[in-house]
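Peer 1: just the structure for this:
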Amino acid sequence: MNENMLTEKPALTLAAAKKIIAAAEAEALKHAWPVVIAVVDDGGNLICLQRLDNAQFGSVEVAIQKARSAVAFKRPTKAWEELLASGQQRVLNLPGVLSSEGGVPIVWKNQIVGAIGVSGVKASEDGQIARAGAAVLI
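Peer 2: As a prediction, this is how the structure comes out:
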């Protein structure tokens, strides 16, 4: 087989996902924010999920969807929230988009290897927690 037909790509491991969640959890606990934290791989498959004490169970699916949206479109979900706030309703027609801050791609060596999604408090706080988790691999 011709070597040029295949490429190598980094993959997010469970160990890395746990470190990302630990950093996000530390940020959440520092502020006593009860959230759900989800980490997905570059295909949007759930690797790890953590529901902090007193986090609402409705945030489980929201956190997963924020992470999937961030990895699917290779941008933080805050970008969709901003577009929607500016009046661009077309965002609502894109499949898999969650237009609420809290989903952030996880980048390693300039490649998106997954994403983190956080849900449970105000969107800006969800985003703050997600960025703290995503910063682990930078």
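Peer 1: how about the helices in this structure?
Peer 2: Taking DSSP state H as the test, the helices found in the chain are 14-30, 59-72, 77-85, 123-134.
Peer 1: neighbours of residue 47, how many?
Peer 2: The tally of other residues near residue 47 (other C-beta atoms under 10 Å) stands at 18. C-beta: built from backbone N, CA, C; applies to glycine.
Peer 1: repeat for residue 65
Peer 2: Using other C-beta under 10 Å, residue 65 has 22 neighbouring residues.
Peer 1: for residue 31, same thing?
Peer 2: 11.
Peer 1: was I right about it contacting residue 122?
Peer 2: No. Counting by C-beta atoms under 8 Å, residue 31 sits too far from residue 122 to count as a contact (10.8 Å).
Peer 1: okay, now the unreliable bits of this structure?
Peer 2: 1-3, 138 (pLDDT under 70).
Peer 1: report the distance from the longest strand along it to the chain centre.
Peer 2: With secondary structure taken from DSSP state E, the chain has its longest strand at strand 111-119. Strand 111-119 has its C-alpha centroid displaced from the chain centroid by 3 Å (C-alpha atoms, centre = their mean, to the nearest Å).
Peer 1: okay, now the sheet partners of that strand, with direction.
Peer 2: Sheet partners assigned to strand 111-119 using DSSP bridges are listed as strand 36-41 (antiparallel), strand 103-108 (antiparallel).
Peer 1: spit out the contact partners of residue 23.
Peer 2: 132, 133, 135, 136 (C-beta atoms under 8 Å, 6 or more residues apart in numbering).
Peer 1: most neighbours among those residues, please name it.
Peer 2: That'd be residue 133 among the contacts of residue 23, by other C-beta under 10 Å, with 27 neighbours.
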